[in-house]
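*Asks:* dropping a prediction and its sequence here:
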Amino acid sequence: MEFSYEDVRKSVLDSALPEVAFDGWSDDVLARAGAAAGVDADLMHLAFPNGVSDLVVAFSKQGDQLMLAALADPTELKIRDRIRQGVRARLEVDTPYREAARRAAGWLSLPRRQALGGQLVFQTSSHIWHWAGDTATDYNYYSKRLILCGVLGATRLVWFGDESEGFEKTWAFLDRRIDNVMQFEKAKAKWRSASDNDRKPFSAFLNKLARRRYKSDTA
């Protein structure tokens, strides 16, 4: 019977998620999940050469795939609604595994793992923008995704602690963040189109918005 390493990772991840909720992300949990999935040690080494890091990556990729499968055709939606729907879908597919997602965020927050965490949220952001129809190839490609990374990260932190019905607090927070970003982007567009003499007040306004967003993120 033919199989792929992706199939092995999926099988092991399915076995690991119930344990992760209690024991966190560790090589010990990975080993137990492999045994429960009936995967021998040699194949585990090939499928997870970086140990539990590869299991965390598999969890993130699975969430991205489920998100994309849950999203409908965005053609009739405004851009802000597309982004809102993308972020919401990404969190909703993780809802059955919220404790595992919380522990993954904690695991990725350690200094030596932050680069991996940044790569994973950037991939999620890129998937959302691609679904939303973004075709940017210049610096906007990166700026859009980095801004969305901030929205995703901040909204996920609210979601972790949200006990309101239907995560109403999380979605209200998401709406406010997207409104702030849209306001910032509109002001930035006006600044670019203004003459050099006219840019000074817009520059001051952009700085004010940036400080406001920083205070909101760190509050």
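*Replies:* Arrived safely. Residues are numbered from 1 along each chain as shown.
*Asks:* tell me the contacts of Ala104?
*Replies:* By CB atoms under 8 Å, 6 or more residues apart in numbering, Ala104 lies in contact with 20, 25, 56, 59-60. No exception for glycine: its C-beta is placed from N, CA and C like everyone else's.
*Asks:* next one: Met182
*Replies:* Arg80.
*Asks:* so which helix or strand takes in it?
*Replies:* helix 168-193 (DSSP states H and E).
*Asks:* so, low pLDDT: which residues of the chain?
*Replies:* 1-2, 184-219 (pLDDT under 70).
*Asks:* number of nearby residues for His130?
*Replies:* Per other CB atoms under 10 Å, the neighbour tally for His130 reads 13.
*Asks:* now the strands for this structure?
*Replies:* Using DSSP state E, no strands are found in the chain.
*Asks:* that older thread, from the contacts of Ala104, which ones fall inside helices?
*Replies:* Among the contacts of Ala104, the ones falling in helices (DSSP state H) are 20, 56, 59-60.
*Asks:* contacts for stretch 81-91 next, please.
*Replies:* In contact with stretch 81-91 (CB under 8 Å, 6+ apart) are residues 63-64, 67, 70-71, 74, 77, 124, 127-129, 131-133, 148, 151-152, 155-156, 159, 167, 170-171, 174-175, 178.
*Asks:* show the buried residues in these.
*Replies:* For these, a burial check counting by 16 or more other CB atoms under 10 Å picks out 63-64, 67, 71, 74, 124, 127-129, 131-132, 148, 151-152, 155-156, 159, 167, 170-171, 174, 178.
*Asks:* find the nearest non-adjacent residue to the residue sitting nearest the centre point of the chain, please.
*Replies:* Centroid-nearest residue in the chain: Val121, 4.0 Å away (criterion: CA atoms, centre = their mean). Once flanking residues are discounted, Val121 sits nearest to Cys149: 4.9 Å by CB to CB, 6 or more residues apart in numbering.
*Asks:* what sits against Arg156?
*Replies:* 91, 101, 105 are the contacts of Arg156 under CB under 8 Å, 6+ apart.
*Asks:* just the buried residues of those.
*Replies:* 91, 101.
*Asks:* which one of the contacts of Ala104 is nearest to Leu13?
*Replies:* Phe59 (6.0 Å; CB to CB).
*Asks:* the closest one contacts Val93, doesn't it?
*Replies:* No: in this structure Phe59 lies outside contact range of Val93 using CB atoms under 8 Å: 11.2 Å.
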